[in-house]
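**Student:** return a 3D structure for these sequence lines:
(3 chains)
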Amino acid sequence: MRKLIAIAMFVAATVSQPAHAADPWPTKPIRIIVPFAPGGTTDIMGRLIANTMGKNLSQPVLVENRAGSGGIVGTDAMVRSPSDGHTVALVISSHATNAVLQPNAPYDPIKDVTPVTLIGFAPNILVVPLSSPANTLQEFIAYAKANPGTIHYGSPAYGGSQHIGGETLKLETGISIEHVLYRGSSQIFPDLLAGRLQTFFANIVSGYPYIEGKKVKALGISSIKRSARLPDVPTIAEGGLAGFNAVDWYGILAPPKLSPELTKRLTEEFARAINAPETADKLRESGVDVTTGTSEEFGTFMKDEIVKFKELAQKVNLKAE
Amino acid sequence: MFDVFGHFVDGLLIAATPMNLLYCLIGALIGTLIGVLPGLGPVATVAMLLPITFYLPPVSALIMLAGIYYGAQYGGSTTAILVNIPGENSSVVTCLDGHQMARNGRAGPALAIAALSSLIAGFFATFYIALFAPPLAELALLFGPAEYFSLMVLGLIAAIVLAQGSIISALGMIVLGLFLSAIGTDVNTGTQRMTLGIPELSDGIGFVPLAMGLFAIGDIIRNLEHPAHRVVVAGKIQNVWPTRDDFRRCVGPVTRGTVLGSMLGILPGGGAMLSSFAAYALEKKLSKEPDRFGRGAVEGVAAPESANNAGAQTSFIPLLTLGIPANPVIALMAGAMMIHGIQPGPDVMTKNPDLFWGLIASMLFGNIMLVVINLPLIQFWVMLLKVPYRLFYPALLVFCCIGVYTLNNSVFEVALLIGFGLLGYAFLKLGCEPAPLVLAFVLGPLMEENLRRALLLSRGDALVFIREPISLALLLLAIALLLLILLPSFRHARGATFQQD
Amino acid sequence: MGTAVRMGPGYIPFGLSFILVGLGILSCLRAFVVDGPSLEAWNLRPPIAIALSIAFFAFAIERLGLLLAIFGLVVIGSLASTETRRWESVALGASLALMSVAVFVIALRLPMQLWPSGWF
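**Tutor:** As a prediction, the model looks like this:
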């Protein structure tokens, strides 16, 4: 069946012109390592990009899933691959949080990678069941203050942006709500819809259908700006918590010491594939705020994220293992 | 009701267009193929195929992906019966009696019964989804952590029934399975447990190396040790088609298996997974000759196969009505829908009726195609078994190794395969059956997660399990089943039951 | 560890290990009361050969490539059986290696290395 894909890619590749025919890259199929299981948001994103990129270049672009340890296993496989531009990894925010939560990781999240480009951001939305008495963020805070200890919030990953969002909310408002960890968002929704769970920060990708279908109430979005996908949902900052920002990000990393020329080439090609309408439209439709940039920008961004997370982890007492 | 009928006819017309029939056939073929090849499971296949579905209309894409999903269930039972390789947790149960049938020279009837039971279950499940999808979705929401915990307790008690030997050994295997399943990252706190610092273990032991090692590799070593044990097939392959007696025995099991599978399939938190185990345990308890189970009873193939297929199909209900994917393959299909701009969830039925009804109706055609593909293949499979074992088993080793490796591109999992292979061999020698271990291994994480989650949500009130009516009913059922299992062995404590042959 | 209400990560594994020890003791005690069938003699050749063959595959797949990994797996694995002739196992190893390449690399396009890196 991969053959079918290859044929599709081959046909597409012969139609489109390769941009830099003289360059010696790529000389063989390109691997995008997705350090998560097949079927997740990250996996689907990787396959969308790989598909467009395979058409742009005259080489197949293959997605390889190497799940484990919150992304460490797959990222490590990328770090140890040759720095020839044929292996990259699609990482998410956990790349930065792992630096704090998993100090024993076999690689350094900054020194042992070459940043290629950011892909974009996905905000989280604070949702409550229809049966909840709260209709706005302020009502929710008042409700939580009146009923301390009775409200639980869910999150799909320890130290993930949804967990951080919940802890930040606690920190900034002084409400006492308790964290319940689930294995993925799809486990959380049944409990939320039935009212057994009182609230959680839903990733926009998985939460959008429920918000749009009016099965849950959206109290606020965790990004600085409102999302184009859900323009009616106010930001949490608008709800009174200035500067509130807890979003997921996605990016492409290559092995360490990639030559500047190849890095530039990779950044260009990935940006081209990500911003192509057939990829970008799909990503935006699912709620991702597509934002590509240079390798340097991405590197600085990651460093900032790690510093920010270190501070936060101390404040809210997230423990390293 | 007439409304449903009208929609269903519309759906049939959509599914019956030549293009959609073709994609349904492609899906069924690919599904059968990957089901037969161990390792490369439906998740990896659907993930690989996702990009080409961008170019198809959404209905055709989903029809094809769904075909792969239930086609893989068909194919998986083929390897389970022929060579004792369970590629997925649902085929573990099929290994028990299906492979014994093959050893008795009845691989043909076993395969035919598996295919026909799946077909009947598939038909029933299709109509069941069409008629009852929306109300059933509401039912699925009634299951919270407390209910799931009690359901898993019931499942574990049923696991004892899977074994034939002593109850103490079976209990030991169950506890060992639970123990092995606790390895990995603790879901409530994110702490690593018993991983010995190995990053590959942080997500726990993989199901495939565990099940393949315990069943297939253990079995290979055992066969080689005693060439005489290996009654396998070669000489005494009887007729390929099941006898009239086989059919007569299967009527009850298929009916009950289908009902059970359809009921459990709607529960997204692991219901479909339980269904084949539950159906097998039920038949063994109801049977007048429970001793035949585990030795090649045709009921032991019919019941789990029908439950499994009914469960696989009804697990679409939570996706199409609530937007909640029941397993990773269905999660991928949700991804495919999103790529096409269709939000899986409560609105699919009203906003995209063509997709909803077309997909459901295609399952009818898909099931028929699968039987048409699979019945003629039986001749071929049975012929394969005539290859001398000394040439046959190295090929099995190759399939197991490549299958385990390609699943996650992990050498570590291949190493696990060695460990579990030797363990499986030792278990076989000592008369401990691996099936309860595997079931406990699958249920363990769900049970612990739901237990702890239920206690967290109830703020530490353990009475939540008997206060919730559904949970209470399930626990009472579990106690009743436990008594039913223990009573006869108390009665004959010094008698024949403990004797293992 | 934690309490029953607020279970720590170690609570359940700890409890399980106690139950397992208990069952083990019970199982041993029962052995004095009930006569089971006698154990068969152990024949170490098959388990050792099969374990070694898979270990070779695990070692070779990312170092020597698919072809050699499978060839070695089959040849070493064939030692488990006393019936296999030497030339048979070599021929079988070669043909299974080629077949796997055809099925998994060419038909299914799984990204796998065929030869030791640096050979071609």
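**Student:** can you name the residues that contact the spatially most central residue of chain B?
**Tutor:** Centroid check for chain B by CA atoms, centre = their mean gives B:Ser90 as the closest residue, at 1.5 Å. Contacts for B:Ser90 (CB atoms under 8 Å, 6 or more residues apart in numbering or on different chains) come out as B:Gln73, B:Gly76, B:Ala272, B:Met273, B:Ser275, B:Ser276, B:Pro304, B:Asn308, B:Gly311, B:Ala312. Where you see a C-beta, it was placed from the backbone N, CA and C, and this is true even at glycine.
**Student:** what about 6 Å?
**Tutor:** B:Ser276, B:Asn308 (CB atoms under 6 Å, 6 or more residues apart in numbering or on different chains).
**Student:** phi first, then psi, for it.
**Tutor:** Torsion angles at B:Ser90 (phi, psi; degrees, to the nearest 10) stand at phi -70, psi -30.
**Student:** what is the burial count for B:Gly31?
**Tutor:** 29 (other CB atoms under 10 Å in any protein chain shown).
**Student:** that one belongs to a strand?
**Tutor:** No - counting by DSSP: H, G, I helix; E, B strand; the rest coil, B:Gly31 falls outside a strand, being helix.
**Student:** and B:Phe8, how far from B:Gln313?
**Tutor:** 15 Å (CB to CB, to the nearest Å).
**Student:** higher neighbour count, the two?
**Tutor:** Using other CB under 10 Å as the criterion, B:Phe8 and B:Gln313 rank with B:Gln313 on top: 30 against 18.
**Student:** wait, what's in contact with that one?
**Tutor:** By CB under 6 Å, 6+ apart, the residues touching B:Gln313 are B:Ala125, B:Met363.
**Student:** gap between the residue nearest to B:Val36 when sequence neighbours are not counted and C:Gly15?
**Tutor:** Sequence neighbours aside, B:Gly75 is the residue nearest to B:Val36 in space, at 4.3 Å (criterion: CB to CB, 6 or more residues apart in numbering or on different chains). Distance of B:Gly75 to C:Gly15, computed by CB to CB: 39 Å.
**Student:** compare the two (neighbour count), which wins?
**Tutor:** The neighbour count for B:Gly75 versus C:Gly15, taken as other CB under 10 Å, is higher for B:Gly75 (28 against 15).
**Student:** Three-state assignment for that one, please.
**Tutor:** Under three-state DSSP, B:Gly75 comes out as helix.
**Student:** which element is residue 99 on?
**Tutor:** By default, I'm working from chain A. Here A:Ala99, judged by DSSP states H and E, is contained in helix A:94-101.
**Student:** nope, chain C please
**Tutor:** Going by DSSP H and E, C:Met99 is in helix C:86-100.
**Student:** swap in A:Ile119?
**Tutor:** strand A:114-122.
**Student:** which residues does the residue nearest to B:Val36 contact?
**Tutor:** Applying CB under 6 Å, 6+ apart, the residues near B:Gly75 are B:Thr32, B:Gly35, B:Val36.
**Student:** is it true that the second one touches B:Ser77?
**Tutor:** Read it as B:Gly35. No - proximity of B:Gly35 to B:Ser77 does not meet the contact threshold set by CB atoms under 6 Å, at 7.7 Å.
**Student:** with that, I have no additional questions.
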